[in-house]
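Chemist: Mind looking at a prediction? Sequence and model below.
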Amino acid sequence: MSTVNDYIGRKVDLWFFQSTDPDNDTQLQQTIALPGESGRIVTGVQKAAQRVVTELLRERGSTPFHEDEGTELLLEARSGQWQSPADVLGSFARAALRVLNLLQAEEEDDDPDDERVVSIEAVNVSLSPGTVRIDVQILTRDGQDRTYITPLTVSI
Amino acid sequence: MAIEITALSDLDTTSVRQAQVELAQLMSEFNPSIDTKRGPLFDILFRSEAVFAAKNSEEINRLKRSQSLLEAVDDPDLADDEIVDAAASNFRVERRSGSAAEGEITIVVSTQTPVTIASGAIFEANGHQYTTENSFSAKLSQAQVASENDRVLNPVGDGTFSFTIDVVAITEGSAAQAPKDTLFSMQNPPLSFVKAFAASDFSGGNNAETNEDLLGRLLEGVACKALSGTSSMKATLIDEDNFPDVIASSIIGLGDKEMLRDQHSIFPGSLGGRIDWYVRTQQKPQRIALTKTATLVDVNEDGFGIWQFGVSRDDMPGFYDVSKIILQGSSAETGFAVTSDVRSADLTALSDGGLIPDIDPNTFEFVYSRFQSAVIQFEDTTTDVSSLTVGTSTQTYEVTLRGMPLIEDIQDLVSSRSVQNRAADALIKAPVPCDLSVSFDILLKPGQSSPDLSQIKDDIVELVNTYGFTGRLPASAISDAVHDSLSSSSYLSAIDILAVIRRPDGTFRALRTTEILEIPEEPAKMVTARTVGFILDPEDVAISILTADIPEV
């Protein structure tokens, strides 16, 4: 369990994907705060992972005045192009590369290593009716990694 | 352009992104523990706030620029009209609204039976519509006239009959100023209708003042309304209570090479105390028709009579020339040729006792002023003079004079005791006329539709007639006006400009160019850039439409 001391000298962000569990698979909830809670801040690898997920799921052209940002991952998912895991991996690879370049372009030399992403990979893909599961491995410069399960609802 | 931004989509993307960067930088400095790179805070806070920050910044910028007369002058389209009006009011200048041209139409009918033209009747000419604001009734005789809107049917002389009614243009603007003799079509004409034409040049018809026009008058608004310096004098002239519709004016005074009237002394050099004020009172010269009794003064070797009539200083003060002479009652489109036009000064006392400027009648200082009279001789090629007596026989003609209106009225103003400069006299003159004709080709690609030629002609005419006393008219300015009505794939040929200056001494100077028309420097003849005005009628603009022969590739 982290303490305040872990945040000294670190830059924080809002915790946007609730219910993460480092030891188990859990479905995340995209919310600033769960009912009855006041929200949390996040730093380190958690923040890095959150940043990766946010940018992966941002549809390209959906952000006013920043239409060139985002990926086409969700667009391709909804278009019915994903007929096999290979299709999913192809889309994911393109999106991941774009996100990685975007995040690395913003990095500064004094950023902590656990917030500097060096790779984003899909380690497993499974398809079932109405659902695609992509296991994403995010590797930061300090060597730690976390795997997120991001269920997506698509048409197959 | 309004100050307030009502749609966020109108914002400039660069401005929003710049605002985002600035907000992130400010927050980073304010609270270094906040991560201002991508993430929830970035999306929820900085992106959204940047949009509104950019909106506020742009609105403040627009407001500042609108309130700056310097910015508004540089970019008149930027400024909000209401704000410009408010700023201009500080300079005692009000925006002039547009007005509709008005004039008289002569209607010719085939039978001598009463005719009624209802209120709201529509006439059309040159792409403009005109309407009657009252109902007019044509009566058979003067005895039947019962109201001010009753007219008498007069025989034209060819079996038809005519009467004249008043009409006003439906749309505002100077383009609807129909010249004399313009033919009109009529919607739902009476059964006996033959034709309709303008009895004289239409008057009025001003374009609504733009921000650029309004801002151009600010200096004149704050100037003292007195006949002292140039700005003050012009401010007096265009004051709302005087002649606010004057197009342009040029003031010649002490030290100007065009000033000849202050050299009447036996002592050499200029003594001052004299002002020649050239005033362009409207875009196109006005033409008015007068009935004149001419006397047969000679019979030329071809057997045609040479007739003579006089034009008094009150007939059309400051007139330019006689544009048409026809027999009274004739409907001839071309008139008789003028063989002699001798101008003289009429310096007899004015009925109101007004000041008469110092004018040497043995020179041409008075030409185009209110103190000009003339004796006109012309050759009548239709009247049989074999039984007439030279020096005695007379005949009535319809004479059309061309000139700038209001010359007499302005002279009365500057000579009035309350306005007159107490140390100098001022002589008002119409600009020395430089009549232009313009011709060029418009090249279109195959299949391209023709542009609106009427609009192009109107634009060119307005450009030339409002060019002021610049002394130079570049063909590129005309080209620029034409291109406003063309698509990007249309082209112009060289623009051929022909010009004829009618000097005050009655001689003519012809000019021709395809580049820049420049008024010659002839100050001894009172012909310079400061005295000459460009004049162009729509019928003197010739445009040919050609389709370019583009080979297939």
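Modeler: Thanks, I have it. Residues are numbered from 1 along each chain as shown, chains lettered A, B, ... in the order given.

Chemist: going forward, measure contacts and count neighbours with C-alpha atoms only.
Modeler: Noted.

Chemist: So which residues of the stretch 351-500 of chain B form helices?
Modeler: Along the stretch 351-500 of chain B, counting by DSSP state H, counting those that start in this stretch, helices occupy B:407-415, B:453-465, B:475-483.

Chemist: Enumerate the positions of the longest one that are buried.
Modeler: If I follow you right, that is helix B:453-465. Buried residues in helix B:453-465, counted by 16 or more other Cα atoms under 10 Å in any protein chain shown: B:453, B:455, B:456, B:457, B:458, B:459, B:460, B:461, B:462, B:463, B:464, B:465.

Chemist: gap between the fifth one and chain A?
Modeler: Here the criterion is Cα to the nearest Cα, to the nearest Å. By it, residue B:458 lies 43 Å from chain A.

Chemist: same check, this time on residue B:531
Modeler: According to Cα to the nearest Cα, residue B:531 stands 57 Å off from chain A.

Chemist: what's the neighbour count on that residue?
Modeler: By other Cα atoms under 10 Å in any protein chain shown, 27 other residues sit near residue B:531.

Chemist: Which residues are in contact with it?
Modeler: Going by Cα atoms under 8 Å, 6 or more residues apart in numbering or on different chains, residue B:531 touches B:250, B:278, B:431, B:432, B:469.

Chemist: for residue B:530, same thing?
Modeler: Residue B:530 neighbours (Cα under 8 Å, 6+ apart): B:250, B:251, B:252, B:469, B:470, B:471.

Chemist: and the residue nearest to residue B:24 when sequence neighbours are not counted, how many neighbours?
Modeler: Nearest-residue entry for residue B:24: residue B:36, 5.6 Å, with adjacent residues in sequence omitted and distances by Cα to Cα, 6 or more residues apart in numbering or on different chains. Close neighbours of residue B:36, defined as other Cα under 10 Å, add up to 24.

Chemist: likewise residue B:65?
Modeler: Counted with other Cα under 10 Å, residues neighbouring residue B:65 total 18.

Chemist: Wait, a strand at it?
Modeler: No - Residue B:65 sits outside any strand when classified using DSSP: H, G, I helix; E, B strand; the rest coil, being helix.

Chemist: Quick check: it vs residue B:58, distance?
Modeler: 10 Å (Cα to Cα, to the nearest Å).

Chemist: How about residue B:548?
Modeler: For residue B:548 relative to residue B:58 (Cα to Cα), the value is 46 Å.

Chemist: The closest residue to residue A:32 other than its chain neighbours and residue A:40, how far apart?
Modeler: Computed as Cα to Cα, 6+ apart, the closest residue to residue A:32 that is not its neighbour in sequence is residue A:16, at 5.0 Å. Noted for residue A:16: a distance of 8 Å to residue A:40, by Cα to Cα.

Chemist: How about residue A:91?
Modeler: From residue A:91 across to residue A:40, the span is 32 Å (Cα to Cα).

Chemist: ditto for residue B:108
Modeler: On the measure of Cα to Cα, residue B:108 and residue A:40 end up 92 Å apart.

Chemist: Could you do residue A:51 as well?
Modeler: From residue A:51 to residue A:40 the distance is 15 Å (Cα to Cα).

Chemist: And residue A:106, by the same measure?
Modeler: Going from residue A:106 to residue A:40 by Cα to Cα gives 24 Å.

Chemist: most centrally placed residue in chain A?
Modeler: Centroid check for chain A by Cα atoms, centre = their mean gives residue A:53 as the closest residue, at 1.6 Å.

Chemist: what sits against it?
Modeler: By Cα under 8 Å, 6+ apart, no residues touch residue A:53.

Chemist: is it true that it lies in a helix?
Modeler: Yes - counting by three-state DSSP, residue A:53 falls inside a helix.

Chemist: so where's the chain uncertain?
Modeler: Looking at chain A here, since you left the chain open. Across chain A, residues meeting the criterion (pLDDT under 70) sit at A:1-6, A:18-29, A:33-34, A:37, A:144-156.

Chemist: um, chain B though
Modeler: By pLDDT under 70, the low-scoring segments of chain B are B:1-2, B:69-70, B:72-73, B:75-80, B:219-224, B:550-553.

Chemist: Quick check: the residue of chain A nearest chain B.
Modeler: Relative to chain B, the nearest point of chain A is residue A:11 (4.4 Å; Cα to the nearest Cα).

Chemist: Just give me the neighbour total for the nearest residue to that residue once chain neighbours are set aside.
Modeler: Using Cα to Cα, 6+ apart and skipping the chain neighbours, the partner closest in space to residue A:11 is residue B:33 (4.4 Å). Residue B:33: 16 surrounding residues under other Cα under 10 Å.

Chemist: ditto for residue B:8
Modeler: Number of residues near residue B:8 (other Cα under 10 Å) recorded here: 12.

Chemist: can you check the one 5 residues further on too?
Modeler: Here the count is done by other Cα under 10 Å, and residue B:13 has 16 residues near it.

Chemist: Kindly report the same for residue B:393.
Modeler: Neighbours of residue B:393 using other Cα under 10 Å come to 14.

Chemist: Quick one: residues contacting it.
Modeler: Going by Cα under 8 Å, 6+ apart, residue B:393 touches B:295, B:296.

Chemist: Angles on the backbone of it, please.
Modeler: phi -70, psi 140 (degrees, to the nearest 10).

Chemist: could you pull out the helices for chain B?
Modeler: With helices called from DSSP state H, chain B shows them at B:13-30, B:40-41, B:48-67, B:69-74, B:81-89, B:211-216, B:218-222, B:230-237, B:407-415, B:453-465, B:475-483.

Chemist: what's the spacing between residue B:11 and residue A:64?
Modeler: Using Cα to Cα, one gets 10 Å for the distance from residue B:11 to residue A:64.

Chemist: which residues are in contact with both of these two?
Modeler: With Cα under 8 Å, 6+ apart, residue B:11 and residue A:64 have no common neighbours.

Chemist: what's around the residue in the stretch 401-550 of chain B that chain A sits nearest to, how many residues?
Modeler: Going by Cα to the nearest Cα, chain A is nearest to residue B:488 of the stretch 401-550 of chain B, at 30.7 Å. Using other Cα under 10 Å, residue B:488 is surrounded by 8 other residues.

Chemist: With the one 4 residues further on instead?
Modeler: If you count neighbours by other Cα under 10 Å, residue B:492 ends up with 18.

Chemist: which residues in the stretch 401-550 of chain B form strands?
Modeler: With strands called from DSSP state E, counting those that start in this stretch, the stretch 401-550 of chain B shows them at B:425-429, B:432-444, B:472-474, B:491-492, B:496-502, B:508-513, B:516-518, B:532-535, B:541-547.

Chemist: Pick the most buried one from these.
Modeler: Of all the strands of the stretch 401-550 of chain B, strand B:532-535 carries the top mean neighbour count, a mean of 28, counting by mean count of other Cα atoms under 10 Å in any protein chain shown.

Chemist: Sheet partners, orientation included, of it?
Modeler: Strand B:532-535 pairs in its sheet with strand B:432-444 (parallel), by DSSP bridges.

Chemist: how much does the strand it pairs with deviate in direction from strand B:508-513?
Modeler: Angle, strand B:432-444 to strand B:508-513, by axes from the mean of the first three to the mean of the last three Cα atoms, to 10 degrees: 30 degrees.

Chemist: now check the longest helix seen in chain A, is it near chain B?
Modeler: Ordering each helix of chain A by length in residues (DSSP H) puts helix A:85-106 first. Yes - for helix A:85-106, a contact with chain B is found by Cα under 8 Å from any Cα of the partner chain, at residue A:106.
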